[in-house]
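Undergrad: Got a predicted structure here, sequence first:
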Amino acid sequence: MAFALTQSQTIGPFFNAVLRPDAWSDLVGPGAQGTVIQLEGRVIDGQGAPVTDATVEIWQANAAGRYDHPEDTQDKPLDPAFHGFGRAPTDPEGRFRFRTVLPGPVPGLGNVLQAPHVNVSVFARGLLNRVVTRIYFAGNALNDTDPVLSALSEAERTTLLANPAGGGVWQLDIILQGEGETVFFEV
Amino acid sequence: MTILPGYRPQAPGTHPPLDFPGYASTAARAPRRKPIQLDHTLSEITGPRLPNAVAAADGLDLTHHAGGEAVGQRIIVAGRVLDEDGRPVPNTVVEVWQANAAGRYTHAGDQHDAPLDPYFDGAGRVFTDADGAYRFLTIKPGAYCWRNHPNAWRPQHIHFSLFGPGFATRLITQMYFAGDPLIPLDPMVASIPDPAARGRLIAEFDLGLTEPEFALGYRWDIVLRGRAQTPMEI
């Protein structure tokens, strides 16, 4: 290894300056394929308080299950109206909101299909590095055979499953610490 | 199908621990459980690519804003974004944000008693070129006071946000300035376990980059994760 990695430092409290104008929480371009949803939740700290200065980023496949990236060479359509990256600041209630589409399934290792999921990074003051999690969708038939979900206990799985709240809204809180702590991943 | 290999695992201690008592805000926010290691799939190997339109077409200049010129020491910050094999990371976005010359951020959340500069916004984006090189013009930020501990001052720093080629290569960090006496006192810097690694966050003054009668030059390279060696079958 020729070069040593640059270390992470916290995003701090003021990143939202870069977000202006805040237009990246809507991932859905005109005519995008698939089911449009609102994906929302709160970021909560170890004392049950909302984290009001977090930045949440998502990265996901399109409705057909293909990532808009040169290394995804699956024989599935790209969608010119959907790239798959979103970024949202949390509001005074700790809430993030994205307008996106339900992702399709993407392949995992060893010819296994992964259940539809959204890859999530959370950045905030007090986090010296990002924390990474995934959001899955409760009730999806592929959840039972998903290699990541299958390796978790029922209680752990629950922390990754967004639930439908009607009107196309899917909700999941991200709990950074303590009771009901979200399962985080090292990627 | 065969996909390119995932990214190299990050050895423990590469990044600061999430739970670091010297930085008080970690206490209620750091997860208590260890993260679960994920094998890299398309979800981690692919990643967002921001369109070039999010950056200024003619280079990033933070010294002019709202029709006026910011006060403070003009500096040129330049360097390269590389991976662990020393390969350049081309056409990747570099997002930067910082305090003004008085040490205050242009942000409603920063109300400490230092002047705002109406001509300094302090945030912008630039893309690396084909050699992974980036460069921007700004004002040297002032030290920023905070309430982490009594008489706490952050060293002068510029925040950097990088994406790299995949979800796994995302990095947010901070660049410091060589010779700043606040660096050894800073809990953020101290959170990095390896003393040698702390030094890699410090930009060096570079006379070659300095432009006569205009701006001082500071050079800082950033290293993102490299690829693992073996392609994967999926």
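TA: That came through fine.
Undergrad: pLDDT below threshold where in chain A?
TA: Low-confidence segments of chain A, defined by pLDDT under 70: A:1, A:17-22.
Undergrad: The residue positioned nearest the centre of it - nearest residue in space that isn't next to it in sequence?
TA: For chain A, the residue nearest the mean C-alpha position is residue A:120 (3.0 Å; Cα atoms, centre = their mean). For residue A:120, ignoring the flanking residues on the chain, the nearest one in space by Cβ to Cβ, 6 or more residues apart in numbering or on different chains is residue A:133 at 4.9 Å. For glycine as for every other residue, the C-beta is placed from the backbone atoms N, C-alpha and C.
Undergrad: Show me what the top strand by length along chain B is in contact with.
TA: Ordering each strand of chain B by length in residues (DSSP state E) puts strand B:74-83 first. For strand B:74-83, contacts defined as Cβ atoms under 8 Å, 6 or more residues apart in numbering or on different chains pick out A:3, B:63, B:88-89, B:92, B:94, B:96, B:128, B:131-140, B:158, B:162, B:164, B:175, B:203, B:209-211, B:214-227.
Undergrad: measure residue B:152 to residue B:144 for me?
TA: In this structure, residue B:152 and residue B:144 are 9 Å apart, going by Cβ to Cβ, to the nearest Å.
Undergrad: er, residue B:10 actually
TA: Applying Cβ to Cβ to residue B:10 and residue B:144 gives a distance of 29 Å.
Undergrad: Who has more neighbours out of these two?
TA: Neighbours per residue (other Cβ atoms under 10 Å in any protein chain shown) separate residue B:10 from residue B:144, with residue B:144 holding more: 24 against 15.
Undergrad: My guess is the more buried one contacts residue B:100. True?
TA: No. In this structure residue B:144 lies outside contact range of residue B:100 using Cβ atoms under 8 Å: 9.9 Å.
Undergrad: so is the residue most central in space within chain B in a helix, a strand, or just coil?
TA: Chain B has residue B:160 as the residue nearest its centroid, 2.2 Å off, counting by Cα atoms, centre = their mean. Three-state assignment for residue B:160 (DSSP: H, G, I helix; E, B strand; the rest coil): strand.
Undergrad: partners of it in the sheet?
TA: Using DSSP bridges, the beta-bridge partners of residue B:160 come out as residue B:96, residue B:173.
Undergrad: Which residues lie in contact with it in this structure?
TA: Applying Cβ under 8 Å, 6+ apart to residue B:160 gives the contacts B:94, B:95, B:96, B:171, B:172, B:173, B:174, B:175, B:222.
Undergrad: who wins for most neighbours among those residues?
TA: residue B:222 (25 neighbours).
Undergrad: quick one: it from residue B:116, how far?
TA: 29 Å.
Undergrad: And the helices in chain A?
TA: Here chain A has its helices, by DSSP state H, at A:16-19, A:147-150, A:154-158.
Undergrad: for those helices, which one sits closest to chain B?
TA: helix A:16-19 (4.4 Å; Cβ to the nearest Cβ).
Undergrad: and whichever strand in chain A runs longest, is it in reach of chain B?
TA: When chain A is parsed with DSSP E, its longest strand is strand A:36-44. No. Contact of strand A:36-44 with chain B (Cβ under 8 Å from any Cβ of the partner chain) is absent, the minimum separation being 9.2 Å.
Undergrad: For that strand, enumerate the helices and strands it packs against.
TA: strand A:95-101, strand A:169-171, strand A:174-175 (3 or more Cβ pairs under 8 Å, 6 or more residues apart in numbering or on different chains; DSSP states H and E).
Undergrad: chain center to it: distance?
TA: 9 Å (Cα atoms, centre = their mean, to the nearest Å).
Undergrad: Compute the inter-axis angle for that strand and strand A:95-101.
TA: Calculated by axes from the mean of the first three to the mean of the last three Cα atoms, to 10 degrees, strand A:36-44 forms an angle of 160 degrees with strand A:95-101.
Undergrad: Just the buried positions in strand A:36-44, please.
TA: By neighbour count with 16 or more other Cβ atoms under 10 Å in any protein chain shown, strand A:36-44 contains the buried residues A:37, A:38, A:39, A:40, A:41, A:42, A:43, A:44.
Undergrad: now stretch B:190-203
TA: Residues of stretch B:190-203 classed as buried: B:190, B:191, B:192, B:197, B:198, B:200, B:201, B:202, B:203 (neighbour count, 16+ other Cβ under 10 Å).
Undergrad: tell me the SS of the third one?
TA: Which is residue B:192. Residue B:192 is classified as coil under three-state DSSP.
Undergrad: sorry, back to before: you'd agree the residue nearest to the centre of chain A is up against residue A:182?
TA: No. Using Cβ under 8 Å as the test, residue A:120 is too far from residue A:182 to be in contact (9.2 Å).
Undergrad: if we can go back for a sec, residue B:200 versus the residue nearest to the centre of chain B, what's the distance?
TA: For residue B:160 relative to residue B:200 (Cβ to Cβ), the value is 13 Å.
Undergrad: Run through the residues that contact the closest residue to residue B:167 other than its chain neighbours.
TA: In space, and not counting its chain neighbours, residue B:167 is closest to residue B:47: 4.2 Å by Cβ to Cβ, 6+ apart. Contacts for residue B:47 (Cβ under 8 Å, 6+ apart) come out as A:59, A:69, B:163, B:164, B:165, B:166, B:167, B:168, B:169, B:170.
Undergrad: Can you get me a residue count around the second one?
TA: Applying the criterion other Cβ under 10 Å, we find 21 residues in the vicinity of residue A:69.
Undergrad: Next up, phi/psi of it, please.
TA: phi -160, psi 140 (degrees, to the nearest 10).
Undergrad: which ones are touching it?
TA: B:45, B:46, B:47, B:49, B:166.
Undergrad: Kindly recompute the last result at 10 Å.
TA: Contact partners of residue A:69, counting by Cβ atoms under 10 Å, 6 or more residues apart in numbering or on different chains, are A:59, A:61, A:78, A:83-84, B:42, B:45-49, B:165-167.
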